[in-house]
Structure formats: structure tokens, C-alpha cells
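Asker: Predicted model and sequence below, questions to follow.
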Amino acid sequence: MASADASCYTVVTEDNTETPTTQDLRSALQKGSDEVKLDTLRKIIVATINGNPQPQLLMPVIQYIMPSKNKALKKLLHFYWEICPKYDDAGKLKQEMILVVNAIRNDLQHPNEYIRGATLRFLQKIAKDVEVLEPLIPICRSCLEHRHSYVRKNAVFAIYSIYREFENLIPDAPELIQTFLAAESDATCKRNAFVFLSNCAQPKAVEYILQVFDQISSMDELLQMSIIEVIRLDCKTETTHRARYILLISELLNASSHAVKYEAATTLTSLTQNPAAIKAAASCYINLVMKESDNNAKLIVLDRLDALRSRHGLVLDTLIMDILQVLSSTDLEVRRKAIGIVLSLVSSRTVEEVVLFLKKQLQRTQEQEFEKAPEYRQLLIQSIHVCAVRFSEVAATVVHALMDFLGDSNNPSALDVVAFVREVVEKFPQLRTTICEKLITTLGEIKSGKVYRGVLWILGEYAETVPEIQQTFQELRKVLGEIPILASEQKLLDETGAEDEEKKGEVKTESTKPKVLADGTYATETAFTSMSSARLEAVKAAAKPPLRTLILGGDFFTGSVLASALTKLVLRHSEQSSDPKATNTLRAEAMLIMASVIRVGQSKFVTVPIDEDSSERIMNCIETLSELQAKPVVHELFLKDTKSAYSKMLSAQEKKAAEKKEQEGAKKVAVQVDDLLTFRQFSKKAIDDIIDDHEDLSRATGAADAHEDFLSNLSRISQLTGFSDPIYAEAYVKVHGFDILLDVLLVNQTPNTLQNLCLDFATLGDLKLVERPSTYTIAPHSFQSIKATIKVSSTETGVIFGSILWEGPGMSEQCVILNDIHIDIMDYIKPAYCTEAQFRSMWTEFEWENRVNVSTTMPDPRDYLTHVMKATNMSCLTPEGAISGECDFLSANMYARSLFGEDALANLSVERTEAGTIIGHVRIRSKTQGIALSLGDRITMAQKDNKPPV
């Protein structure tokens with residue numbers, strides 16, 4: 001056997017603290033106890049695997065280890081025979097191996113069945129060594145008739161391994177195994193024999209299936225799996241047994257084994273497109289999800305069910321309620337996957353049942369406390385939202401039920417309800433009156449400022465009748481409490497002070513030890529606790545109506561939304577009502593509330609003072625109401641423009657969703673009409689492709705990936721040394737997934753032979769050198785190519801540096817230092833998309849932030865945004881409509897994800913100055929420091945050139 005054909009083994013770490021010599025190992029083998037021999041043989045095996053075979057130890061192993069009856073030594077000896085050098089330099093079998101073959105022969109005839117079985121298993125490992133195997137063939141055949149099944153099952157696979165490599169050694173193996181299979185009773189032996197036939201003589205395997213056709217449903221699980229595999233392979237070609245196969249696979253859908261059920265259902269969908277068969281396979285998948293305990297297995301089966309749904313959606317329509325039963329699972333990901341399938345299947349015929357079921361589940365989340373109940377509730381609300389918007393007939397039945405969750409303590413769920421109600425009230429005008437009435441009565445139950453803002457906007461836009469407006473004002477008085485806020489709070493403070501009148505002004509003093517001041521003098525530190533400050537804190541902590549609590553807590557954004565809603569209500573009342581006195585009353589009350597919010601925002605009763613933006617917004621609303629009749633254009637702005645903007649936003653979302661659905665539904669052209677036909681395409685293929693292991697393998701190894709062109713390869717070459725150095729070196733850097741392959745070309749530019757040349761690499765960052773290159777000898781003016789693999793574990797700018805060492809004249813060590821190779825993180829960052837809620841959640845959660853100041857001569861903010869997106873491989877999450885048009889300001893959110901699952905967020909905020917330049921900043925956030933810093937450096941480098949990097 002040539003050395004080029006030697007097997008490749010796993011590299012095992014050696015203990016380098018003590019490396020025994022060959023003589024030490026020989027002595028230990030000769031004189032040591034069984035434990036010492038075990039340890040010594042283990043060291044020899046590890047050294048052999050790592051490239052140090054020590055052939056001189058072969059004879060001591062034969063002399064001192066082979067005769068031992070110790071079972072552990074015998075097992076370890078099999079490992080040694082597998083990897084030891086069996087051939088000399090001429091490629092001929094060593095003489096010593098005759099003794100080894102004789103020992104193996106004796107073990108194959110050993111009275112202990114487990115030694116026989118273990119030796120037969122060992123023969124499978126050395127199936128390529130024909131000279132070792134040839135004398136053992138008769139004994140292997142005789143082992144097929146051994147009384148113990150452990151020997152027989154290993155004998156079958158030993159014969160299989162030998163026949164696969166050297167058919168001439170056992171030419172009648174298929175007939176031999178076929179006879180063995182017919183007479184065998186042990187399940188595992190039958191399965192092994194059938195696997196042999198399926199791989200080496202498929203027609204005989206098919207013949208066996210037809211012989212035992214009626215007994216297959218009661219056979220062992222392993223044999224059933226093998227039979228399904230043969231059926232799948234046989235159906236790749238034209239077969240006359242397809243009808244019988246379909247009948248058999250349909251019976252196996254009821255097998256007791258989950259694995260057999262899954263394989264049977266997958267195979268059935270590839271054999272036939274009959275609706276009844278598809279429905280049976282889908283029912284089998286659903287049954288598996290319900291009964292399987294492993295959540296990962298459930299997700300895999302649901303993926304298959306989803307793939308089936310994408311091809312046969314109408315057939316699975318009747319199973320939609322069965323799929324909903326999967327929601328009884330406790331895992332949130334399983335529930336999310338199941339609901340996704342249901343929402344894609346739901347139709348006008350089934351939507352009422354689906355929504356009713358989801359409402360019952362939603363009710364359960366309130367009645368029972370279980371793990372991740374808030375997240376599950378949010379998922380159910382979003383699902384009902386989707387159903388109600390798509391099917392208007394159920395909107396009326398669910399909107400009131402969902403509005404009960406506006407006061408939910410879980411903020412995301414309540415926000416989803418607000419978003420749903422806002423969309424329904426816009427799309428279905430007939431429901432506006434009842435929805436507004438329900439919202440008005442719910443105002444007192446709401447706890448969150450975000451939810452209040454959504455509800456106030458809806459009431460401001462859609463409370464259109466005079467009774468609704470008056471009822472809204474009445475309910476707002478309750479949730480705001482006594483107006484003006486500042487005067488009532490001061491009154492409450494004074495009343496509290498009156499109760500403690502006799503203690504007013506008293507001060508409690510507590511002295512501590514002397515303190516040294518900055519100038520070196522001593523002073524006594526005294527703490528004063530004022531009774532007035534304690535009363536103020538008590539007033540702040542007192543129970544108050546919900547909206548008043550939010551305003552006093554510093555939520556003045558909600559206060560500005562309240563002012564805007566009040567303005568809209570008053571303006572609409574002035575248009576609807578013929579009673580100017582009632583309008584003036586409402587106007588005065590609205591202006592009083594707004595002024596009260598501003599005044600209390602500037603007082604000591606709030607947690608934080610009112611911000612300038614909110615104050616200005618409320619003042620604009622007061623000014624609008626004070627000049628009610630003077631500027632009719634303001635009526636247009638408040639009452640029509642905001643509603644039309646929301647309507648346009650919904651239309652844009654629907655258009656985008658329709659385009660996405662159209663793209664998903666569009667059939668891709670698999671083959672062009674003028675493409676060259678291959679013979680494989682003439683074979684009949686089902687709509688559901690049969691699982692092809694060869695295609696899976698090529699996809700997994702990257703063989704099917706597109707190859708880079710020559711110019712792309714040239715751009716990845718880095719020069720490591722100068723042209724005047726004794727050795728010229730350049731490296732081609734190839735990034736492949738999580739690995740970096742360095743292909744280094746070395747050129748000896750001297751007239752001398754360079755001996756013991758070693759290329760030494762080191763890394764900085766999350767890079768790890770997999771293996772160090774060996775030493776080389778390079779002739780004068782010749783070339784040497786060296787490959788090195790580096791593992792990448794995170795998205796961080798890494799640096800590879802190193803040197804070339806070799807022996808010069810007089811055994812002196814000479815060295816050339818290499819230029820650094822910088823690994824571009826853009827190879828690991830890909831554009832990605834997420835929702836606005838997900839972006840905000842991650843922005844709050846991520847702790848690492850890198851702020852990059854914008855410094856560029858580019859005149860257009862839009863061009864600069866495109867420039868940054870190309871430089872960082874990030875996608876823009878801000879809708880096109882929000883950043884279109886002419887404006888000197890631009891703010892946009894960007895998002896990307898690395899191959900390692902790391903999220904990178906960025907916010908661009910820029911402004912065009914009067915000089916025509918752009919100023920501002922880019923804020924980058926991530927969970928790890930490396931990706932934030934690396935992206936910041938990338939943006940800084942990209943700013944030096946107006947052209948985006950290629």
C-alpha cells in the first residue's frame with residue numbers, strides 16, 4: 001500500500017511534559033504489568049496518530065502484548081493494528097504482519113463470542129489491506145453460521161466491508177448474504193444483511209421486500225427504516241412496484257416507532273401526489289409533534305409540515321384545527337412555528353374556528369400562570385391581529401375581547417393590542433363607534449404611557465360625534481384627577497402640613513465625627529432632615545389617577561399627545577356642534593389642562609422637569625385653540641393630515657406585504673430552454689424531490705457554491721515581504737465560513753539552499769491557528785507553497801502576523817519578519833432585517849456603544865446613508881417613505897447580523913449645514929465590544945474617501 005493512500009486520523013493532544021524514548025517504551029512493554037503495558041501502548045498509539053510511527057516497536061508489541069489474555073489490552077491492540085505501518089518502503093507487507101494475521105485468525109476462532117465479534121468489527125477498519133484480509137476470508141464466512149447473534153451480525157458487516165473494497169475476494173457474497181437473510185431469525189442480523197443487499201445488490205433487496213411484504217409492518221424498527229431507504233432508492237428509477245410501495249409506506253405510517261413514522265411520511269410525499277396520501281402524511285406529522293417529547297424533534301417535523309403546506313396548502317386546509325392542538329406544547333418556539341403554519345393555511349371558511357380557539361388560549365393565559373405566559377399572550381394577540389385584518393368578518397368579534405388586555409401589566413402585549421385596534425378602526429369604519437366607546441371606558445385601567453399615547457391618538461382621530469367627544473372629556477377628567485394639577489398638589493401638601501403644624505420647622509440633627517476639609521481645617525458634619533421634604537415625598541407617593549401619575553412621573557411625551565388629542569376633539573366639536581357655548585366650555589377646559597401640565601412640569605412635584613420639545617408642542621396646541629376661528633388651515637392639519645398619513649402608511653405596508661407574497665409565490669425558472677440537458681433530467685421526478693444524499697453532501701461541503709473569478713482572487717493577495725528580502729512571500733487569504741485559509745507562496749531569492757525553513761504565525765483577536773506548518777528545505781531560486789488554517793470565533797477585526805525562520809551558514813538562525821495581515825470583518829457581516837419593536841428592544845438591551853462623528857464632504861444626506869450602508873454591509877430599517885423628499889436632516893436605523901449570530905445596530909443622525917457639508921454622528925450598538933469597535937473603524941476609514949469601498 002503506497003504511503004499516498006494512507007488513512008487520515010484525528011490528531012490527539014500529546015502530553016509533552018515527558019516524551020519517553022523508544023528504549024523506554026520497549027522496556028515498559030517487556031517488563032511492565034498489564035496497567036503499565038496499557039499506558040505504554042496508549043502512548044505509542046497517540047504518537048503514531050500524530051505522525052511518529054516508531055516502526056521498531058512493532059516486534060516488541062507482537063512479542064509482549066499479543067500473547068496477553070487481558071481484554072483491555074486486546075481491544076487496544078486492535079487500535080494499534082489499525083494505524084501501525086504495515087508496509088515497508090517498497091509498498092510490500094512486512095514480514096512481521098504474518099504473525100499478526102495468525103493472531104487475528106486465532107481470535108476469529110476463539111471460543112468466546114465477544115472476542116470473535118470484536119475481531120470481526122476490527123476487520124471492518126482494515127478493509128483496504130487486501131494482503132492481511134485474504135487468509136481470513138474462509139473464517140469470516142464460517143462466522144455467519146455461529147450460534148451467537150453478536151458474532152453473526154459483525155460477520156455480515158465484515159464481509160460487507162471486504163466485498164465493497166475487493167469484490168474478487170468474495171465474489172458470491174450477495175448470494176451468500178441472501179441465503180443468510182432468508183434463514184436468519186435475529187432482528188439485528190437481518191437488518192445488517194439487508195443493508196448489505198441494499199448497497200451491494202439492490203435488486204436482491206427489492207426481491208426480499210416483495211417476499212416478506214405482508215410481514216414488514218410487524219418487523220423490527222431498524223429493518224423497517226432500511227426497507228424505507230431501499231424503496232426511496234428504487235423509486236429514483238422507473239419501477240413497476242410503485243403502487244405496492246405506496247401501500248406499504250401507508251401502513252408504516254401507523255408504526256410504533258416515531259423514526260419509522262417520520263421516514264414513512266417523508267417518503268410517501270415523494271412517491272405520490274395523491275391528496276389522500278398527502279393528508280395522511282400530514283396527519284402523521286401532526287401526530288408525531290403531539291407525541292414526541294423532544295422540542296428539537298418537534299421543530300424539525302413542523303418544518304417538514306410547513307414544506308408540505310407550501311406545496312399542498314389546499315389539501316391541508318381541513319387539518320388546521322389538528323395543527324392548533326400543537327399549542328398544548330409548553331415550548332414557545334414550537335407554538336410560534338405551529339401558529340405560523342396555521343396563519344398561512346387559514347381561510348374564510350376556517351377563520352372563525354381558528355380565532356375562537358386562539359381567544360380561548362388567550363383566556364387561559366390570564367386564568368393560569370405558566371412559563372413564558374406574557375410572551376405566549378403577545379404571540380396570540382399578534383396572531384388574532386393578522387386574522388382580523390385579513391378577514392373583516394371576524395374583526396368585530398375579536399376587537400372587544402382584545403381591548404380587555406389594554407390594561408395588561410405586560411407592556412408589549414398591550415402595545416400589540418393598541419396597534420391592532422388602531423389598524424381595525426382605520427380599515428373598518430363601521431366599527432369605529434363601538435371601539436371608541438370601549439376605549440373610553442378602558443382609560444382608567446391603562447397603566448403604560450405608550451399604551452395611553454396610542455389610545456389618546458385613536459380617540460383624537462376617530463371620536464367623531466358630539467356625545468363621544470363629551471364622554472371622552474368626562475373620562476379624561478377621571479384619569480387626570482383634580483385640575484389644575486399644580487394647585488391641587490400644593491393644596492394636598494398644605495393639608496399634610498397642617499396636620500403636623502406643631503412639628504413644623506423642627507429639625508432633627510445628628511452629629512458625626514470631625515471631617516478634614518480641603519484647606520486642612522476641621523469641621524463637624526451634620527445631617528439635616530427637613531420635615532417639609534418628607535411631606536413632599538409623601539405627597540408624591542400618594543395614590544393618584546393613572547394619567548396624572550404618569551405626568552407627575554415625568555412622562556411629558558404622553559402629556560403632549562394628550563394636548564394634541566384634546567385639540568383635535570375641540571376642533572371637531574366646533575365643526576359638529578351648533579352650540580358655541582358648549583364648544584367654548586370644552587375649549588377652556590382643554591386649555592386649562594394643557595396649561596396645568598406645563599406649570600406642574602416646572603414645579604417641584606414632578607420627578608423630572610418638562611422637556612423643551614413637549615413644552616413647545618403643548619404651547620402650540622394652546623395657541624391653536626386660542627385662535628379657533630382665525631386659521632382654518634390648522635383644522636386641516638389636525639383633523640385630516642394626521643389621519644391621511646396613517647392611512648398612507650397602512651397602504652404602503654399592505655403593498656409591501658403583497659409584493660413579498662408575490663415574490664414568494666413566483667415560480668423560479670429551474671432550467672432555461674436552451675440549457676444543455678443531462679441524462680438525469682430525463683428521469684421522472686415527483687413534485688416533492690426525493691431526498692438525495694449526494695446533493696446534500698455537495699451542498700454541505702460547499703462544492704455547489706459559486707466559484708470566485710480570477711480578479712476577485714487577485715484582490716485577496718497580501719504581500720508579506722519585500723522584493724529585496726532573501727525570501728519573497730505573499731499570501732492568498734481565502735475566507736470560507738468560520739475558517740480562513742492562508743495559501744502562502746515562498747520564493748527563495750538566494751543562490752543557497754535554505755534548510756529547516758519554518759513559517760511561524762501568531763494571531764491577535766478571536767483568531768486561532770489550527771495547525772502549525774512543518775519545516776521545509778527550499779532549493780536556490782525555487783518555490784514552496786505552504787497552507788495554514790485559522791479558526792474565527794467572533795466578528796472582530798483580527799490581525800495575523802509572523803516570521804520566516806531558517807538555518808543560515810554555520811547553523812546560525814536567520815529571520816524575516818512578515819507584514820501584518822488584517823482580516824476584514826465585512827466577510828462575516830451580512831445585511832439583515834428586524835421589526836422596529838425588536839430593534840428598540842435590542843437597542844435598550846445592548847451595552848456596548850461606539851459613537852463615530854461624521855466628517856465628510858458629501859453634500860447629500862441620502863448619498864451618505866447609502867455610502868455607510870455599503871461600507872458596513874448593513875441594511876436600512878427606516879422605510880423609504882420616511883427618508884424620501886428634500887430635507888436637511890436625516891435619521892435612519894440600520895441593522896446587520898454576523899455569521900456567528902451577533903447583532904449589530906446603528907443609528908445615523910446627520911444634518912446638512914449652510915456650507916453644504918454634512919455633520920452629525922453614527923451610533924453603533926452591539927452585545928460585544930469587538931463588533932462595535934470594528935464597525936466604527938470601518939465607517940471612519942470609509943469617510944476618508946467619498947466612494948464606497950468595493
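Answerer: Sure thing, it's come through.
Asker: Test my guess that T433 contacts T465.
Answerer: Yes - in terms of C-beta atoms under 8 Å, T433 counts as a neighbour of T465; the distance is 7.5 Å. C-beta: built from backbone N, CA, C; applies to glycine.
Asker: In three-state terms, label I231 for me.
Answerer: helix (DSSP: H, G, I helix; E, B strand; the rest coil).
Asker: Let me know how buried it is, in neighbour terms.
Answerer: 28 (other C-beta atoms under 10 Å).
Asker: give the contact list for the spatially closest residue to it that is not a sequence neighbour.
Answerer: In this structure, I231 finds its nearest non-sequential neighbour in Y245, 4.9 Å apart by C-beta to C-beta, 6 or more residues apart in numbering. By C-beta atoms under 8 Å, 6 or more residues apart in numbering, the contact list for Y245 reads I231, D234, C235, T239, L271.
Asker: Next: I800.
Answerer: Taking C-beta under 8 Å, 6+ apart as the test, what I800 contacts is I740, L742, F761, A762, T763, L764, L767, I790, D820, I821, I823.
Asker: Kindly recompute the last result at 6 Å.
Answerer: T763, I821 (C-beta atoms under 6 Å, 6 or more residues apart in numbering).
Asker: same thing with the one 3 residues further on?
Answerer: Contacts of S803 were listed using C-beta under 6 Å, 6+ apart, and they are D760, C815, I817, L818.
Asker: Now the last one, what are its backbone angles?
Answerer: Which is L818. Main-chain torsions, L818, degrees, to the nearest 10: phi -90, psi 150.
Asker: in the stretch 351-500 of the chain, which segments are predicted with low confidence?
Answerer: 367-371, 407-411, 493-500 (pLDDT under 70).
Asker: now the helices for the stretch 601-750 of the chain?
Answerer: 612-626, 632-636, 642-665, 693-700, 710-714 (DSSP state H, counting those that start in this stretch).
Asker: sorry, back to before: quick check, nearest of the contacts of S803 to A388?
Answerer: Among the contacts of S803, L818 lies closest to A388 (C-beta to C-beta), at 64.6 Å.
Asker: Report pLDDT for C834.
Answerer: Looking at C834, its pLDDT stands at 83.
Asker: That one in helix, strand or coil?
Answerer: Relying on three-state DSSP, one would call C834 coil.
Asker: measure it to E175 for me?
Answerer: From C834 over to E175 the distance is 62 Å, taken as C-beta to C-beta, to the nearest Å.
Asker: Next: I786.
Answerer: 52 Å.
Asker: who has more neighbours, the two?
Answerer: I786 (19 against 11).
Asker: Quick one: the helices in the stretch 201-350 of the chain, in order.
Answerer: Under DSSP H, counting those that start in this stretch, the stretch 201-350 of the chain gives helices at 202-211, 221-234, 242-252, 258-271, 275-291, 295-311, 320-324, 332-345.
Asker: List the buried residues of stretch 866-883.
Answerer: H867, V868, M869, A871, T872, N873, M874, S875, C876, L877, T878, I883 (16 or more other C-beta atoms under 10 Å).
Asker: let me redo that: stretch 67-74
Answerer: L73, K74.
Asker: now swap in stretch 547-560 and tell me
Answerer: Under 16+ other C-beta under 10 Å, the buried positions of stretch 547-560 are 547-552, 554-560.
Asker: Could you verify that S855 is part of a strand?
Answerer: Yes - according to three-state DSSP, S855 belongs to a strand.
Asker: Tell me which residues of stretch 339-351 come out buried.
Answerer: I339, I341, V342, L345, V346, T350, V351.
Asker: Identify the farthest-apart pair in the residues you listed.
Answerer: I341 and V351 (14.9 Å).
Asker: tell me the domain boundaries of this structure?
Answerer: Per the TED database, the structural domains of the chain span 713-823, 827-945.
Asker: what's next to stretch 392-412, contact-wise?
Answerer: 351, 355, 359, 374, 378, 384, 388, 413-414, 417, 424, 428, 431, 438, 442, 445-446, 448, 451.
Asker: let me fix that: stretch 320-327
Answerer: Identification of contacts with stretch 320-327 by C-beta under 6 Å, 6+ apart yields I286, V289, R335, A338, I341, V342, L345, T350, F357.
Asker: just curious, which of those residues is nearest to Y646?
Answerer: Nearest member of the contacts of stretch 320-327 to Y646, counting by C-beta to C-beta, is V342, at 29.0 Å.
Asker: Which residue is the nearest non-sequential neighbour of the closest one?
Answerer: In space, V342 is closest to I323, 5.5 Å off (C-beta to C-beta, 6+ apart).
Asker: ok, now A779?
Answerer: Per C-beta to C-beta, 6+ apart, closest to A779 is T753, 5.6 Å.
Asker: Redo the helices of the stretch 601-750 of the chain as TSV? Include distance to D860 and mean pLDDT.
Answerer: Converted to TSV, these look like this (distance: least, C-beta to C-beta, whole Å; pLDDT from 0 to 100):
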stretch	distance to D860	mean pLDDT
helix 612-626	27	85
helix 632-636	31	72
helix 642-665	23	75
helix 693-700	43	51
helix 710-714	30	60
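Asker: what about these, which gets the closest to H921?
Answerer: helix 612-626 (19.4 Å).
Asker: Report the buried residues of the closest one.
Answerer: Those would be S614, S615, R617, I618, N620, C621, I622, T624, L625, for helix 612-626 by 16+ other C-beta under 10 Å.
Asker: One more: stretch 278-288?
Answerer: I278, K279, A280, A281, A282, C284, Y285, I286, N287, L288.
Asker: S577: neighbouring residues, count only.
Answerer: Quick note: S577 (other C-beta under 10 Å) scores 16 neighbours.
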